[in-house]
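Chemist: Using only what follows, build the 3D model:
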Amino acid sequence: MAFPMGFQEISLLLAFTAIVLLITSEVLSPRYGKVNIFVSKRRLRASSLVFSAFFLVTVAVNLFQIILNL
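Modeler: All right, here's what the predicted structure looks like:
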């Protein structure tokens, strides 16, 4: 059974997730509606940077594959 997502779909998913997390970290209030829930902007921004790094790795692998196929 083959994995249903290809490398390019995973790359697109990582890019979308990184963008959503970065926008959320910039727009979201530290207090999200309820008094006892605290959303850490630092953790959201750090996770968006991690997803961005994974996306850049997938882009580098795609470029490497393109260069090898020439």
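
Chemist: Counting neighbours, what do you get for Arg43?
Modeler: 11 (other CB atoms under 10 Å). Backbone N, C-alpha and C define where each C-beta goes, glycine included.

Chemist: Roughly how far does it sit from Ser25?
Modeler: Per CB to CB, to the nearest Å, Arg43 is found 8 Å from Ser25.

Chemist: from the chain's centre, how far out does the helix or strand harbouring Val59 sit?
Modeler: If you go by DSSP states H and E, Val59 is part of helix 41-69. Its chain's average C-alpha position is 8 Å from that of helix 41-69, according to CA atoms, centre = their mean, to the nearest Å.

Chemist: cool, stretch 38-45 as well?
Modeler: 15 Å.

Chemist: For the remainder of this discussion, apply numbering that starts at 3.
Modeler: In the new count, where the first residue is 3, that last one comes out as stretch 40-47.

Chemist: Quick check: buried residues in that stretch?
Modeler: Leu46 (16 or more other CB atoms under 10 Å).

Chemist: ok so, going back, tell me which residues of the helix holding Val61 come out buried.
Modeler: Quick answer for helix 43-71 (16+ other CB under 10 Å): 46, 49-50, 53-54, 56-57, 60.

Chemist: Just flag the most distant two among those.
Modeler: Taking CB to CB as the measure, the buried residues of helix 43-71 span a maximum distance of 21.3 Å, between Leu46 and Thr60.

Chemist: Measure how far the helix or strand of the chain with the lowest mean pLDDT is from the centre of its chain, please.
Modeler: Ranked by mean pLDDT, DSSP states H and E, the weakest helix or strand in the chain is helix 9-29, scoring a mean of 89. What separates the centre of helix 9-29 from the centre of its chain is 4 Å, taken as CA atoms, centre = their mean.
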